[in-house]
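1. Pasted the sequence and its predicted model underneath.
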Amino acid sequence: MDIKRDEEFLAGRLNPPVKSLKVKSDKFFTIGKGTKFAVICPDAAAVKLVADSAKQYWNVDVKAAAAAGDAPEAEEGYSIRITTASVKIAAKTLRGVRYAMFTLRQLVESERGVAKTAGGGILPCVHIDDEPDCAFRGIHLCFFPPPETDYFEIEREIRLAAYYKFNYVVIEPWGSLRYPSHPEFSFPGHSLAPGEWRHLVKLAKELGVTPIPQLNIFGHAAAARSVTGKHAMLDFHPEFAPLFEPDGWCWCLSNPETRTFLEDLVGDLFDIFENPPFFHLGCDEAFGAGTCALCRRADYPALLKDHLIHFGELLKKRGARPMVWHDMFVNRDDERWKGYVACGTPDTVSILDDLPKDFIICDWRYNYRGDDLKGVEPTWATLRHFIDKGFDTLGCPWFETQNIKGFGKAISKYNAYGMLETTWHYNRGYHMFQEFSIAGWAAWNPNSTAPEKSLATNHSAFNAHFRQINHDMGAKTYEEFGEYQYQIHGPFYYEPGC
Ligand SMILES: [Zn+2]
């Protein structure tokens, strides 16, 4: 047996790739009724988690039992030791045990050489030791007004995020949440009641992922993509125009009613998200800020500073750290940021030094500079700028594979706070594979080359994992399976280039 080849096949099917996988013999452990799973974990819920997961994944009642021994030091780390007699899992936390089970689910093969199987499977006799590079591994999900984002889809995205060992999901409502305090700030007929959102929050927590709400308190006030011209408030309620700048894109910061309105929304989100530890305030692409009759004659930097500090303090009082996108805090005319995303003006950039350091800066960059750089690694200048300024900074890629991988390595190299992968309106098909699979890899183990050495493409591994999640959700229809609803065209087929 060629052990190295075996190890490459096995490591290459795991996502995110594990830190260490060693094949110890050519034998297998057979998962079946009563087979032994030994669990070393101080958390009393760990044994039940293993037994329940085995039942769910492989349709068997294994014999899971607590065992004595040392667990790995890392908070989210775990080890797996497989012999022909047992599977031994060790972890310091329940999350580590959950991650070990996710890895086993990806490692297993169904019984070989038969036509059909009722469950169970075989596991190779391997030793796995694993822990993440990044402590903060987030993915930003957009809940566009249903059915543009179907409820089934957003739930599946949360399940997939958990499966790929992301530990945070930021969920941006885009007018799809009927806020209890202001239901008028949502699209009629295309929004969900708070109870349905609460269900998502509970599900995420059960899966070991912490949900984070987002409310844009500066630009993106329309809660709709700018190119569409839609507006979650003004389309159906033009009487609320005073809360916004004249074109509707930014909130009017001179109007005290704006603050009251936004405070109500923040309160709703705290309630629905069960007092989250982080809260995303948006603040990107605030074009047309400060243009109304009051704002344009005011000391706008002072207004903006007061606005952000006010909401930062409000969140702090409730136990959450604020997160903001970076682009308004770097000057668009500054040569240093050529090739990076910089939307700021001298007014907006001037407040950065007064921004409290509990603000987390989300530095987004979606492409290498392409033609300019010709594939050469960028210097990640904005990421380093905010780190140098003393901010906890997240690197935020989108769907470009090279960009995601490079960002992951830069986050590790410059000791950034972590990654917040984005998905936006390209969250189906191959993009989805990149955003979940490649980003999960880049956040957990950015320097691994294991997926590249696998003979199967890691996209086909993703497809298999995606199918498992669909089975967990009880998918029944043609449209529910697969990363597009239709193969050729249909309401949710994505046309490249749109
Ligand atoms: Zn104004």
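-> Cool, got the structure.
2. Quick check: which ranges of this structure have low pLDDT?
-> 369-375, 455-456, 489-498 (pLDDT under 70).
3. Can you pull the residues of it lying near the ion?
-> 252, 254, 292, 294-295 (CB under 5 Å from the ion). C-beta here means a position set from N, CA and C on the backbone, and glycine is covered the same way.
4. Swap in 8 Å and give it another go.
-> Residues of the chain found near the ion (CB under 8 Å from the ion) are 244-245, 250, 252-255, 290-296, 298.
5. Keep only those of these that are in strands.
-> When DSSP state E defines the strands, the subset of the residues of the chain next to the ion inside them is empty.
6. of the residues you listed, buried ones?
-> For the residues of the chain next to the ion, a neighbour count by 16 or more other CB atoms under 10 Å gives the buried set as 244-245, 250, 252-255, 290, 292, 295.
7. Let me see the contact set for the nearest residue to residue 316 once chain neighbours are set aside.
-> The shortest distance from residue 316 to any non-neighbouring residue, by CB to CB, 6 or more residues apart in numbering, is to residue 358 (6.5 Å). Counting by CB atoms under 8 Å, 6 or more residues apart in numbering, residue 358 makes contact with 312, 316, 321-322.
8. gap between residue 358 and residue 308?
-> 12 Å (CB to CB, to the nearest Å).
9. Report the set of residues contacting both of the two.
-> Common neighbours of residue 358 and residue 308 (CB under 8 Å, 6+ apart) are residue 322.
10. Now for residue 461: which residues touch it?
-> By CB under 8 Å, 6+ apart, the neighbours of residue 461 are 12-15, 106, 437, 451, 454.
11. contacting residues for the residue nearest to residue 225 when sequence neighbours are not counted?
-> The shortest distance from residue 225 to any non-neighbouring residue, by CB to CB, 6+ apart, is to residue 425 (6.6 Å). Residue 425 sits next to 142, 144, 225 when contact means CB under 8 Å, 6+ apart.
12. same deal with residue 119?
-> With CB under 8 Å, 6+ apart, residue 119 has these contacts: 58-60.
13. Going by distance to the ion, which of those wins?
-> Top of the list for closeness to the ion, among the contacts of residue 119 and by CB to the ion, is residue 58 at 59.3 Å.
14. Give the burial count for that closest one, as a bare number.
-> 21 (other CB atoms under 10 Å).
15. correct me, but it touches residue 120?
-> Yes. Between residue 58 and residue 120 there is a contact under CB atoms under 8 Å: 5.4 Å.
16. shared neighbours of these two, anything?
-> residue 31.
17. ok now do the residue in the stretch 351-498 of the chain that the ion sits nearest to, which residues does it touch?
-> Residue of the stretch 351-498 of the chain nearest the ion, by CB to the ion: residue 351 (16.7 Å). Residue 351 is in contact with 301, 304-305, 308, 329, counting by CB under 8 Å, 6+ apart.
18. swap the cut-off to 10 Å and go again
-> Going by CB atoms under 10 Å, 6 or more residues apart in numbering, residue 351 touches 300-309, 328-329, 344.
19. Now it: phi and psi?
-> phi -90, psi -10 (degrees, to the nearest 10).
20. Wait, a strand at residue 395?
-> Yes. Counting by DSSP: H, G, I helix; E, B strand; the rest coil, one finds residue 395 located in a strand.
21. That one pairs with what?
-> residue 363, residue 419 (DSSP bridges).
22. Tell me, how many residues neighbour it?
-> Counted with other CB under 10 Å, residue 395 comes out at 30.
23. same check, this time on the one 10 residues further on
-> A count of neighbours around residue 405, defined by other CB under 10 Å, yields 18.
24. heads up, I number from 14, so please use that
-> That works, and once the first residue is 14, the last one we named lands at residue 418.
25. and it, which of the three is it?
-> Per three-state DSSP, residue 418 ends up helix.
26. which residue packs closest to it, ignoring adjacent ones?
-> residue 455 (5.4 Å).
27. which residues of the stretch 214-363 of the chain fall in helices?
-> 269-285, 313-330, 359-362 (DSSP state H, counting those that start in this stretch).
28. Any chance of a markdown table for the ones you listed, columns distance to residue 424 and mean neighbour count?
-> Listed next are the helices of the stretch 214-363 of the chain as a markdown table, based on distance: least, CB to CB, whole Å; neighbours: other CB atoms under 10 Å:
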| stretch | distance to residue 424 | mean neighbour count |
| --- | --- | --- |
| helix 269-285 | 27 | 17 |
| helix 313-330 | 24 | 18 |
| helix 359-362 | 24 | 18 |
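29. Let me have those helices in a markdown table, adding distance to residue 173 as columns.
-> Converted to a markdown table, the helices of the stretch 214-363 of the chain look like this (distance: least, CB to CB, whole Å):
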| stretch | distance to residue 173 |
| --- | --- |
| helix 269-285 | 22 |
| helix 313-330 | 28 |
| helix 359-362 | 35 |
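30. who's sitting farthest from the centroid in this structure?
-> residue 310 (40.1 Å; CA atoms, centre = their mean).
31. Tell me how far it lies from residue 22.
-> Residue 310 is 68 Å from residue 22, by CB to CB.
32. Tell me the buried residues in stretch 343-358?
-> Buried residues in stretch 343-358 (16+ other CB under 10 Å): 343-344, 350, 352-358.
33. residues in contact with that stretch?
-> Here stretch 343-358 makes contact (CB under 10 Å, 6+ apart) with 232, 297-300, 302-303, 313-314, 338-342, 359-365, 376-383, 385-386, 391-396, 398-399, 409.
34. Any idea how far apart the tips of that stretch sit?
-> 8 Å (CA to CA, to the nearest Å).
35. quick one: the residue nearest the centre of the chain from residue 403, how far?
-> In the chain, the residue lying closest to the centroid (CA atoms, centre = their mean) is residue 152, at 1.3 Å. Distance of residue 152 to residue 403, given as CB to CB: 26 Å.
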